[in-house]
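Asks: My questions concern the predicted model and sequence given below.
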Amino acid sequence: MSVEAQEIPRLPEVDPLEKESIPQAARRKLSSPWASFVVILLTFVWTIPTLGLLITSLRPAADAQNSGWWTFFANPAVTWSNYSEVITGGSTIPSGITPYFFNSFAIAIPAAIFPLTIACMAAYALAWVRFKWSTVVFFTIFALQVIPLQMSLLPLLQMFNLGWNLGPIPIFPDLNRPGSEQSLLAGTYIPLWIAHTMFALPLATFLIHNFIAQLPRDLMEAARVDGASHFLIFRKIVLPLSVPAIASFAIFQFLWVWNDLLVALTFAGGTPDVAPVTAYLANIKGTYGAQLHLITAGAFIAIIVPLIVFFALQRFFVRGLLAGSVKG
Amino acid sequence: MTAIKRRRGIALLAGGVAAGLLLAACGGSDDSASDSAGEEAAAEETTAEDTGSEEEEAAADDGDDAMGGACDAYADYMGNEGATVNVFTSILPPEQQLFEESWAEFEECTGIDIVYEASDQFEAQLPTRIAGGNAPDIAWIPQPGLLAKLVADGGPVPAPASTEALVDEYWNPAWKGYGTIDGTFYAAPLGSNMKSFVWYSPQVFADNGYTVPTTWDELWALSDQMVADGIKPWCGGLESGGATGWPATDWLEQVMLRLYGGDVYDQWVAGDLDFASPEVEAAMDVIAGWMKNPEYVNGGYGDVQTIALTPFQDAGAGIVTGECGMLQQASFYANFWGNFDESATVGPDGTAYAFYLPEISSDFPQPVVGGGEFVAAFADRPEVQAVQTYMASPEFHTSKASLGTWVSANSGVPLDTYAADSIDQLSAQYLTDPNGIFRFDASDLMPAAVGAGEEWVQMTAWFAEDKPTAEVLADIDAAWPSS
């Protein structure tokens, strides 16, 4: 901190001939008509696949399967039947998307809240509670990010279903259903919540730690002088001030879990009791090949939620991401 | 300003936490419900009876007398009321509904709840679930090779004697061999498909006065006749994304089984007979005079090279338009004719129909190359064994076959269960014939590096680049795993 504080006054000493600062130059160049044109063009090109999906989802089944979506403009035919089939179920798919939709919420909301709660507390402790080895602990947590989650799928699955003992000490009990070899956890959301929480914690702790560590020291010291405990400081000062970082990570984690297929399939399986929307979308294509019209309709229903979440919390998202990186 | 924002932030957070707690509570109650799976199943049953039709209610009231008639067939499977059996498969909707429909009566009579779970990631997920201690009770294995691998890793439990007895009684012995690993019988066959078909247009045949050939010689006489009449007799397509080339491996299998019979075919599959052997080379020569014969192919598309480029789904387009005489493809090709003509029908008077690719030598009568799934169990609880045995029984196979679009090689299924003159019926006729030689698709049995890799690639090169036969066969041999 102190090093940066010394560097800041030096900035104006840069070549006086350069009249504008770098951000100003960037802003001027990016707002030129040409730049705007390029940006609009890129946006348009970027949106074409989504447009194709939308059009396909509105076309009758035979059209969607036999011709490209662009032929829609020559032969426009619109139907809502794809959406109604996906929502209520039809001849191709037995059940509608609704139970899977609920499952996705039941998986994603706790799987976003659990890691956030733990990570916030851990980040506060690592940033403001002085204890021996706190830096080592922090770097260890950060370093855990390099472990690919695919590597831990099988050990985790074994732990949930068969238990895990470290020598004689049971770390995770073998919870068998009475009179069966099936684990109590099989076919429930619990393994998913635990797995997603574990996979999210390193990044969450790192991001939120970086944010919390930058809160003004004076605030904490003043609170300490007034006799506030760590928990009170955490609750009354740190949490409210960290909302941008927390919200941005909440969106991040929620979207990641919402879009996850691998972890869900591995720990929960594909039955309507627990499988999320992604598992439903993966199976919707059916035995006889791609049901393009249904997949696209299902995909559009599935992205409504991420879109709502993103637009509702968008300002936190941008601020929170910047908050961790750019130091004022 | 900051105060307002702060308050808003807290509200947001509080709202999130509240929602989370609520959902956690819901999840919790869900779990406690599934703790007592038995109770749940029992409850479902009672509700089913309460809300069911009058017939069902009457049956429930009268007990054994009324249900007795319908449930007599399931006497062997009784005594497992309230149990649940998980079935994990790669067969997705809409086939899923037909399976659930086919065993609905079994579930009702025996009180066993069969929970069906399908995934298009089946082959990746199953080994993971077994290793993770979360194996399903029953899985439908689409390839004998996968079954052998699972058994080697430890997982499937041997099938009960009741299942084995049914397989002995109702299937061609070759089928039992594919479900037997190292002398132990694990898995009974489920559905089957038949690959030894030649598709043609009954309309074109009628217009030109052709008759369906029943011998190998007649087949070539007909091909030459078509050439004389200006019709390209054969068409084909190998393009199939990552699996490009597989139709050509089918052609090789057809010829191998017809030329040399089951024993040599088995040696070839096991790797004891090299691809670069005179036998396989002779079989390749037969295909060279058939699908690589510029006089004969590629109807509707062009020269020999176009076979490699044409998607297999599109290969039959020329049959509908009359530009191509015949197409060697499996029974499932029946689903594709609608792509060429929306009003297409399959049947002896329809848009397209199939005849059996004739035998070459009377030494090896009626060779049939096909495929199918196998029912492997991972638990030996009585209800799992009951379901496993039921899935091998003629009752189940008849019930499923009567719902259509499914073929069983179980000879206990009466042929009139299938729609008359349907391709399913024709398939079943050849698959259940006790005098025929049945063999599983060789490329599904060989190590994946060969059967699902180099053989596809090299057969494609054989067509696309006219790569010399000897080099093609030597390169396939080189891919065979050394151990």
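Replies: Everything's here; your move. Numbers count the residues shown, from 1 in each chain, chains lettered A, B, ... in the order given.

Asks: C-alpha only now, for contacts and for neighbours.
Replies: Fine.

Asks: Helices along the stretch 201-350 of chain B, start to end?
Replies: For the stretch 201-350 of chain B, the helices defined by DSSP state H, counting those that start in this stretch occupy B:202-208, B:216-228, B:246-270, B:278-288, B:306-309, B:317-321, B:337-340.

Asks: Just the buried residues of the last one, please?
Replies: Of the residues in helix B:337-340, those buried under the neighbour-count criterion (16 or more other C-alpha atoms under 10 Å in any protein chain shown) are B:337, B:339, B:340.

Asks: which one of the helices of the stretch 201-350 of chain B lies closest to chain A?
Replies: helix B:337-340 (7.6 Å; C-alpha to the nearest C-alpha).

Asks: quick one: contacts of the closest one?
Replies: A:66, B:316, B:317, B:320, B:344, B:345, B:346, B:351, B:352 (C-alpha atoms under 8 Å, 6 or more residues apart in numbering or on different chains).

Asks: what's the answer for stretch B:405-413, then?
Replies: Residues contacting stretch B:405-413 (C-alpha under 8 Å, 6+ apart): B:170-172, B:190-193, B:394-395, B:397-398, B:400-401, B:424-425, B:427-428, B:431-433.

Asks: Now it: average pLDDT?
Replies: For stretch B:405-413, mean pLDDT is 92.

Asks: swap in stretch A:31-47?
Replies: Across stretch A:31-47, pLDDT averages out at 90.

Asks: Stretch A:274-288 too?
Replies: Averaging pLDDT along stretch A:274-288 yields 81.

Asks: buried ones in that stretch?
Replies: Under the neighbour-count criterion of 16+ other C-alpha under 10 Å, stretch A:274-288 has A:274-281, A:283-287 buried.

Asks: Ok, stretch B:273-288 next?
Replies: Neighbour counts over stretch B:273-288 (16+ other C-alpha under 10 Å) mark B:273, B:274, B:275, B:276, B:279, B:280, B:281, B:283, B:284, B:286, B:287 as buried.

Asks: hmm, back to that, the contacts of stretch B:405-413 in helices, which ones?
Replies: Of those, the ones assigned to helices by DSSP state H are B:170, B:394, B:395, B:397, B:398, B:400, B:401, B:424, B:425, B:427, B:428, B:431.

Asks: what's the farthest-apart pair in these?
Replies: B:395 and B:427 (19.0 Å; C-alpha to C-alpha).

Asks: Look at those two and report which has more neighbours.
Replies: Higher neighbour count among residue B:395 and residue B:427: residue B:427, with 28 against 18, using other C-alpha atoms under 10 Å in any protein chain shown.

Asks: State the three-state secondary structure for the closest residue in space to residue A:193 that isn't next to it in sequence.
Replies: Counting by C-alpha to C-alpha, 6 or more residues apart in numbering or on different chains, residue A:193 lies nearest to residue A:111, which is 5.0 Å off, once chain neighbours are set aside. Secondary structure, DSSP: H, G, I helix; E, B strand; the rest coil: residue A:111 is helix.

Asks: residue contacts, residue A:111?
Replies: A:192, A:193, A:194, A:196, A:197, A:253, A:254, A:257.

Asks: Looking at these, which one is closest to chain B?
Replies: residue A:193 (10.0 Å).

Asks: from memory that closest one sits against residue A:109, does it?
Replies: No. Residue A:193 lies out of contact with residue A:109 (C-alpha atoms under 8 Å); the separation is 9.3 Å.

Asks: Could you list the low-pLDDT ranges of chain B?
Replies: Scanning chain B for pLDDT under 70 picks out B:1-69, B:483.

Asks: All the strands of it, in order from the start?
Replies: Using DSSP state E, the strands assigned to chain B run over residues B:84-89, B:113-118, B:138-141, B:180-181, B:184-185, B:188-194, B:197-200, B:232-235, B:324-328, B:353-356, B:367-377, B:437-440.

Asks: Out of those, which is closest to residue A:117?
Replies: strand B:113-118 (34.3 Å).

Asks: Could you tell me how far the closest one lies from the centre of the chain?
Replies: Centroid separation between strand B:113-118 and its chain, computed with C-alpha atoms, centre = their mean, to the nearest Å, is 19 Å.
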